[in-house]
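In: just coords:
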């Protein structure tokens with residue numbers, strides 16, 4: 001039997017297993033082998049595990065993203081953060097589902113630092129009549145059917161289409177962002193207005 005706190009290393013040699021080493025203390029990474037080869041190998045592996053790549057450079061894990069992002073579950077209309085906390089607030093395809101959009105915008109303004117930027121990507125209104133008709137046909141006749149066939153859920157995809165149509169136009173949403181206290185509010189329509197990026201600053 002190996003002594004407490006030690007281990008025995010076994011190797012397979014043709015006919016069967018044989019004990020190759022004794023007294024290997026795993027915690028101390030020490031062995032009784034000549035030249036301490038096992039220790040060197042384990043320490044090398046530990047060193048590699050604490051390093052990662054940043055482009056072509058090798059850096060420590062702490063240097064690349066630190067401990068990683070922290071996720072917080074909260075209410076967009078009552079964010080669990082102090083005033084003037086963040087440099088940027090982004091939301092994508094989410095503010096359309098908030099019950100009180102005006103309150104969510106006010107909260108975004110509250111938690112941003114002076115000079116902070118608000119960015120929102122959301123479905124919007126198509127500004128090309130021909131594309132608008134084709135988009136309506138696809139939205140109401142195809143999307144819910146696909147939802148039923150693929151996910152077995154017609155209602156959720158019907159809601160998706162209806163919520164997009166009820167969302168304020170680009171200009172109306174721009175006014176709402178300004179009413180929340182933002183300045184230099186702009187928007188950029190993409191794919192003929194199917195989606196739009198809205199931007200504003202807290203000054």
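Out: That came in fine, so what should we check first? Treat the numbers as computed from the prediction; the structure is a model and nothing was measured.
In: Going by secondary structure, the closest residue to residue 88 other than its chain neighbours is in what exactly?
Out: Distances taken as CB to CB, 6 or more residues apart in numbering place residue 117 nearest to residue 88, at 5.1 Å, with adjacent residues excluded. In short, each C-beta sits where N, CA and C put it, glycine included. Using DSSP states H and E, residue 117 falls within strand 112-123.
In: circling back: was I right to think the residue nearest to residue 88 contacts residue 87?
Out: Yes: counting by CB atoms under 8 Å, residue 87 is a contact partner of residue 117 at 7.4 Å.
In: So for the two, which sits in the more crowded spot?
Out: Higher neighbour count among residue 117 and residue 87: residue 117, with 17 against 9, using other CB atoms under 10 Å.
In: That one and residue 162, how far apart?
Out: Counting by CB to CB, to the nearest Å, the gap from residue 117 to residue 162 is 31 Å.
In: Residue 198 too?
Out: Distance, residue 198 to residue 162, by CB to CB: 21 Å.
In: now do residue 179
Out: Going from residue 179 to residue 162 by CB to CB gives 25 Å.
In: which of the residues in whatever helix or strand residue 130 lives in are buried?
Out: Assessed by DSSP H and E, residue 130 sits inside helix 129-141. Residues 135, 139 are the ones in helix 129-141 that count as buried (16 or more other CB atoms under 10 Å).
In: Would you mind pulling the contact partners of that helix?
Out: 126, 161, 164-165, 192, 194 (CB atoms under 8 Å, 6 or more residues apart in numbering).
In: Narrow the residues you listed to those in strands?
Out: Assigned to strands by DSSP state E, none of the contacts of helix 129-141 qualify.
In: Residue 148 reaches residue 155, doesn't it?
Out: No: between residue 148 and residue 155 there is no contact under CB under 8 Å: 9.1 Å.
In: Between those two, tell me which one has more neighbours.
Out: Comparing residue 148 with residue 155 by other CB under 10 Å, the one with more neighbours is residue 148, at 15 against 10.
In: Thanks again, I'm all set now.
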